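In: okay, predicted coordinates and the sequence, questions at the end:
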Amino acid sequence: MQFPSLEPLGRSQRIMLTMLPGLALFMLGGLLMLYQFYSGIQHMLEGQHAFKLKKIEQILEQAQKTGEAMLQQPSLDCHAIYPEIRRQVTTQPYVRSMRLIDHEGRVYCDSVIGWHAPAYSQEYPREERLKLWRGNRLSPWHPLLMLWLEAKRGDVNGIQVVVDSDYLKDRLAHLEQNTWFYLHVGDRWLDEDGGMSSPPDRPYWQQRSLHSAHYPLAIVMDYSMPNLLLERLGQEPDQLILLLLFSATFSWGFHRLLLRSGAPSRELQRAVRQQEFIPYLQPLVDSHQLQWCGVEVLMRWQHPVDGMVLPDLFIPFAESTGHIVAMTRSLMQQTAAQLGTLSLPAGFQISINVSAAYVADGSLPADCAAFLAAFPPDSIRLTLELTERELIATGPQTDALLGQLHDLGVRIAIDDFGTGHSSLSYLQKMDVDELKIDRSFVAGIGSDSLSADILDSILQLAAKLGLTVVAEGVEFVQQEDYLRQHGAHLLQGYRYARPMPIGEFILRPEWHNRSSEPRTRARAEVHP
Ligand SMILES: Nc1nc2c(ncn2[C@@H]2O[C@H](COP(=O)(O)O[C@H]3[C@@H](O)[C@H](n4cnc5c(=O)[nH]c(N)nc54)O[C@@H]3COP(=O)(O)O)[C@@H](O)[C@H]2O)c(=O)[nH]1
């Protein structure tokens, strides 16, 4: 799969773009998670709803059976039946009281006060099979549920069976917040705290009624799904955290994939535009004073994903595709902008690696002129190091170019001298100013006699031709001593410093304190 190029986009736009899939994943996952929670909550609520209705129906069935048993007694004369009514009321769990009603609507036998009951027939629900009452005369604020059972016999009209609301509210009670259950009978509602209202005092959110198939009642569920979802999220945050982590990882992976997916060529172009190729400086040390007298500019790629990338990994590709020209130009511009503001020591050398493609490009003299213009006139020695990685075409054109460069005051060095096939031919055909001895010869000092012989030959040749010699890869004092004794002019290597960012270089005291003593042995010891 080919991903779109990120080239035309800025950094923040790229980040935004690569965050989108993660965001989409998070939203999709979030929706799925919410749906899962939603279904779970719905299922749980429906179960509870049905369960509560069943439990309240069971209470009423029990009350009904008790009342029907009374009505089936052979005599419903109060004197005869009163002991049985008392017994039933005290032994049946949910039945609080019972009253027998005659055909005139009078209570003629009451489980609480017997046959002396006054005719408070207004409490007799003539038409209603079920009625919720706020209370009766004995306990006015204690709601009751009255079940009316009609007698199918001539001596009595029917019986009222009274159920205590304590049992009902217990059945309505539940643990979840944001949900309320009510027993709804006629125009009255009993809540799980035992309060009665018509309709309920609480704000209506979403309401569902479940009607009983056996009694004229419904269980009403009042709930807030958004609040229940939030509550569930709070109870189970791990799923959300996992989703967040997963989406972030996905975004990051996508970001990396997009950055890598562009063709390498386009990736280099993008990196040039973003100024990701930055200069590192490694000091050049004057072999007499052992003081910092210049720098070699070395390219580093500050990659947004892979971090700092060393040049060996991208320079050969950049050279083969020609991108090295734009990359080196960018490096020169950044170096000039940052070093041009400093007061550098007189004759400070700035060496820059230049590939064959740049030599052939024709824009090199103009770019060098622009570089030099960033410094006070004649204040620095700009040196271009020509490498042998790619063959530099020799001939009139190159001669003319080198002539132009010399006219500008730019010096030419042959890098890694002695390692390629054409070092001597370059020396013969091109007007060069400096030889840079490859570090493989320096490494052989003291251990490899052949390397030492080649090194000596290069040093003698350079001396004869009047060329400056820079020895790179100096790591040990023995190498330093040898090179100083044998005429190398400039030394470069980890012995002095590794390549470093310009910001770090500026802070180093070595290039400020040029008159201070060298950090190694005194010169007199080396050159007696
Ligand atoms: N065309 C361009 N080529 C460039 C540019 N920047 C670097 N390069 C070439 O990449 C090669 C690797 O360079 P780098 O990793 O920066 O290594 C340089 C030094 O760090 C290393 N060095 C210096 N001192 C020592 C030492 O004491 N020991 C040791 N093991 N290594 C040391 O040598 C490299 C400097 O090489 P050179 O340029 O030949 O002086 C390398 O070939 C670079 O040329 C660029 O901008 N353009």
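Out: Looks like it came in fine.

In: C-alpha from now on. contacts and neighbour counts both.
Out: Noted.

In: return the distance of stretch 30-37 from the chain's centre.
Out: The chain centre lies 21 Å from the centre of stretch 30-37; the measure is Cα atoms, centre = their mean, to the nearest Å.

In: and it, what's buried?
Out: Of all the residues in stretch 30-37, those buried under the rule 16 or more other Cα atoms under 10 Å are 30, 33-34, 37.

In: need these in a markdown table (columns: pLDDT and secondary structure).
Out: Converted to a markdown table, the buried residues of stretch 30-37 look like this (pLDDT from 0 to 100; DSSP: H, G, I helix; E, B strand; the rest coil):
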| residue | pLDDT | secondary structure |
| --- | --- | --- |
| 30 | 91 | helix |
| 33 | 91 | helix |
| 34 | 92 | helix |
| 37 | 92 | helix |
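
In: what residues does the stretch 151-300 of the chain have near the ligand?
Out: Contact residues (Cα under 6 Å from any ligand atom) of the stretch 151-300 of the chain with the ligand: 298-299.

In: return the member of the buried residues of stretch 30-37 nearest to residue 248.
Out: residue 30 (13.5 Å; Cα to Cα).

In: domains of this protein?
Out: Following the TED database, one finds the domains of the chain at 70-166, 282-298+325-512.

In: and the longest one, end to end?
Out: Domain 282-298+325-512 has its terminal residues 15 Å apart, counting by Cα to Cα, to the nearest Å.

In: over to the shortest one?
Out: Criterion Cα to Cα; first-to-last residue distance in domain 70-166 is 24 Å.

In: residue contacts, residue 21?
Out: 250-251, 254 (Cα atoms under 8 Å, 6 or more residues apart in numbering).

In: next one: residue 246
Out: Contacts of residue 246 (Cα under 8 Å, 6+ apart): none.

In: ok, and it, which helix or strand is that part of?
Out: Element membership for residue 246 (DSSP states H and E) is helix 237-261.

In: ok so, going back, ok, so of the contacts of residue 21, who is nearest the ligand?
Out: residue 254 (29.9 Å; Cα to the nearest ligand atom).

In: skipping adjacent residues, who's closest to that closest one in space?
Out: Leaving aside its sequence neighbours, residue 254 sits nearest to residue 18 (Cα to Cα, 6 or more residues apart in numbering; 6.2 Å).

In: the host helix or strand of residue 318: how far from the chain's middle?
Out: Per DSSP H and E: residue 318 is located in helix 315-321. For helix 315-321, the separation from the chain centroid amounts to 35 Å (computed by Cα atoms, centre = their mean).

In: what comes up buried for the helix or strand just after that helix?
Out: Sequence-wise, the next helix or strand downstream of helix 315-321 (DSSP H and E) is helix 324-339. Buried residues in helix 324-339, defined by neighbour count with 16+ other Cα under 10 Å: 324-336, 339.

In: which of those residues sits closest to the ligand?
Out: residue 328 (5.7 Å).

In: the residue nearest to that closest one when sequence neighbours are not counted: neighbour count?
Out: Among residues not flanking residue 328 along the chain, residue 354 sits closest, at 7.4 Å (Cα to Cα, 6+ apart). Close neighbours of residue 354, defined as other Cα atoms under 10 Å, add up to 22.

In: would you mind measuring from residue 354 to residue 288?
Out: 28 Å.

In: ok, residues contacting the helix or strand hosting residue 170?
Out: Element membership for residue 170 (DSSP H and E) is helix 165-172. Helix 165-172 is contacted from outside by 52, 55-56, 94, 142-145, 181-183, 190-194, using Cα under 8 Å, 6+ apart.

In: please redo it, this time with the cut-off set to 6 Å
Out: For helix 165-172, the surrounding residues in contact (Cα atoms under 6 Å, 6 or more residues apart in numbering) are 143-144, 181, 192, 194.

In: mind listing what's buried along it?
Out: Of the residues in helix 165-172, those buried (16+ other Cα under 10 Å) are 165, 167-172.

In: just stretch 38-53 next, same as before
Out: Residues of stretch 38-53 classed as buried: 38, 41, 45, 48-49, 52-53 (neighbour count, 16+ other Cα under 10 Å).

In: tell me the one among those residues nearest to residue 279.
Out: residue 38 (57.6 Å).

In: so what's the closest one closest to, chain neighbours aside?
Out: Nearest one to residue 38, counting by Cα to Cα, 6+ apart, is residue 229 at 6.8 Å.

In: neighbours of that neighbour, how many?
Out: 18.

In: phi, psi for it please.
Out: With angles defined as degrees, to the nearest 10, residue 229 sits at phi -70, psi -40.

In: distance check, residue 449 against the ligand.
Out: To the ligand, residue 449 is 20 Å away according to Cα to the nearest ligand atom, to the nearest Å.

In: residue 464 should be in a helix, yeah?
Out: Yes - per DSSP: H, G, I helix; E, B strand; the rest coil, residue 464 lies within a helix segment.
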